[in-house]
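**Student:** Predicted model follows, preceded by the sequence.
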There are 2 protein chains.
Amino acid sequence: MSDPGLACCTPLSSTAMSAEQAEQVAPLLKALADPVRLRLVSLIASSTTGEACVCDLNEAFDLTQATISHHLKVLHSAGLLVREKRGVWVYYAVRPEALSAVAGLFSTPALAPA
Amino acid sequence: MSDPGLACCTPLSSTAMSAEQAEQVAPLLKALADPVRLRLVSLIASSTTGEACVCDLNEAFDLTQATISHHLKVLHSAGLLVREKRGVWVYYAVRPEALSAVAGLFSTPALAPA
DNA sequence: TCGGGACATCGACGGGCGTCGATGCGACGA
DNA sequence: TCGTCGCATCGACGCCCGTCGATGTCCCGA
């Protein structure tokens, strides 16, 4: 577009996030970018045992069981939750490394301006 | 669904994220849940002056100027960026309080399991 | 005054997302 | 063996999102 000879501002030469890194982290944020899924992760993480079964999670929302199962699948596919079937019930727990990977985004100099 | 008399697991009694809080933070995450917008914020934040003009941001992507402008508008509408027009060029800078609001999500006990 | 450059906006298109009812699948109890 | 319960999957619907070309708007220099 603009001529490389004249620069209107700084050339953004500092170390920013790479395109590959952005493509990796974006799905994690996309999985969390939903009020229902955000509350699901919060409910599971804040549980005393660190895990929760689907039957209790269903009662926390005014949504169909199919919808909750769909959201849990999205979080599980993104690698944010682990699934464990014990008898009749299914328990979900958070993957701390996945959550810390997102948390590290806002601590790196690539996103923290100060 | 299940009878309240028999509980299959812990009742999730710990302090989790409220529905209102989830509705407030989810748009911020949704604005960041895109590889292009993630790189845009990273490019602006990692700039030496803390700001960047649209003309340079356009050259960092193989996208149309209209698309970049659209992404910048999404980030601006979410409150993540501030807009300042200086002469012919428009400069964007990150709002640190918005970014720290998202970063605080992964530091609160509602999401940090350990 | 007028031409041109920088950026925003518009309208349109294709694809993905959130939600639902219905159905399938395992695991337990009678 | 058979019913039932917990959960996943399927198909469908409406809506929003990312991207584009075309056009509008504002500002500066000639």
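**Tutor:** Now that the structure is in, tell me what you want to look at. Everything quoted here is computed from the prediction, not taken from an experiment.
**Student:** all contacts plus neighbour counts: C-alpha atoms, from now on.
**Tutor:** Noted.
**Student:** Give me the distance between the nearest residue to A:L40 once chain neighbours are set aside and DNA strand C.
**Tutor:** With CA to CA, 6 or more residues apart in numbering or on different chains as the criterion, A:L40 has its nearest non-adjacent residue at 7.3 Å, and that residue is A:L57. Look at A:L57 and DNA strand C: by CA to the nearest atom of the strand, to the nearest Å, they are 13 Å apart.
**Student:** Only the buried residues of the helix or strand containing A:L57, if you could.
**Tutor:** A:L57 is part of helix A:54-59 when elements are defined by DSSP states H and E. Buried positions in helix A:54-59, judged by neighbour count with 16 or more other CA atoms under 10 Å in any protein chain shown: A:V54, A:C55, A:D56, A:L57, A:N58.
**Student:** Stretch A:82-91 now?
**Tutor:** Those would be A:Y91, for stretch A:82-91 by 16+ other CA under 10 Å.
**Student:** That stretch and DNA strand D, any residue contact?
**Tutor:** Yes. Looking at stretch A:82-91 against DNA strand D by CA under 7 Å from any atom of the strand, the contacts come from A:V88, A:W89, A:V90, A:Y91.
**Student:** Now do the helices for chain A: every range, in order, please.
**Tutor:** For chain A, the helices defined by DSSP state H cover A:19-32, A:35-45, A:54-59, A:65-77, A:96-105.
**Student:** what about the first one and DNA strand D, touching?
**Tutor:** This means helix A:19-32. No. Using CA under 7 Å from any atom of the strand, helix A:19-32 never reaches DNA strand D; the gap is at least 9.0 Å.
**Student:** Run the angle between that helix and helix A:35-45 for me.
**Tutor:** Here helix A:19-32 runs at an angle of 90 degrees relative to helix A:35-45 (axes from the mean of the first three to the mean of the last three CA atoms, to 10 degrees).
**Student:** Render the CA-only coordinates of helix A:19-32 in CSV, please.
**Tutor:** Provided in CSV are the C-alpha atoms of helix A:19-32 (Å, rounded to 0.1, in the frame of the first residue of the first chain):
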residue,chain,number,x,y,z
ALA,A,19,1.5,-15.8,13.5
GLU,A,20,2.0,-19.5,14.5
GLN,A,21,1.7,-18.6,18.1
ALA,A,22,-1.5,-16.6,17.5
GLU,A,23,-3.0,-19.5,15.6
GLN,A,24,-2.2,-21.8,18.5
VAL,A,25,-3.6,-19.7,21.3
ALA,A,26,-6.6,-18.3,19.5
PRO,A,27,-8.6,-21.6,19.8
LEU,A,28,-8.1,-21.7,23.5
LEU,A,29,-9.4,-18.1,23.8
LYS,A,30,-12.3,-19.0,21.5
ALA,A,31,-13.3,-21.9,23.6
LEU,A,32,-13.3,-19.6,26.7
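**Student:** Run through the bridge partners of the closest residue to A:K85 other than its chain neighbours.
**Tutor:** Of all residues not flanking A:K85 in the chain, A:Y91 sits nearest, at 6.1 Å (CA to CA, 6+ apart). Beta bridges link A:Y91 to A:C53, A:E84 when assigned by DSSP bridges.
**Student:** rewinding a little: most neighbours per residue, which of the helices of chain A?
**Tutor:** helix A:35-45 (a mean of 24; mean count of other CA atoms under 10 Å in any protein chain shown).
**Student:** Could you check how far that one is from the centre of its chain?
**Tutor:** Distance, stretch centre to chain centre, for helix A:35-45: 10 Å (CA atoms, centre = their mean, to the nearest Å).
**Student:** Tell me if that helix is near DNA strand D.
**Tutor:** No. Helix A:35-45 lies out of reach of DNA strand D by CA under 7 Å from any atom of the strand, never closer than 12.5 Å.
**Student:** This completes my enquiry, with thanks.
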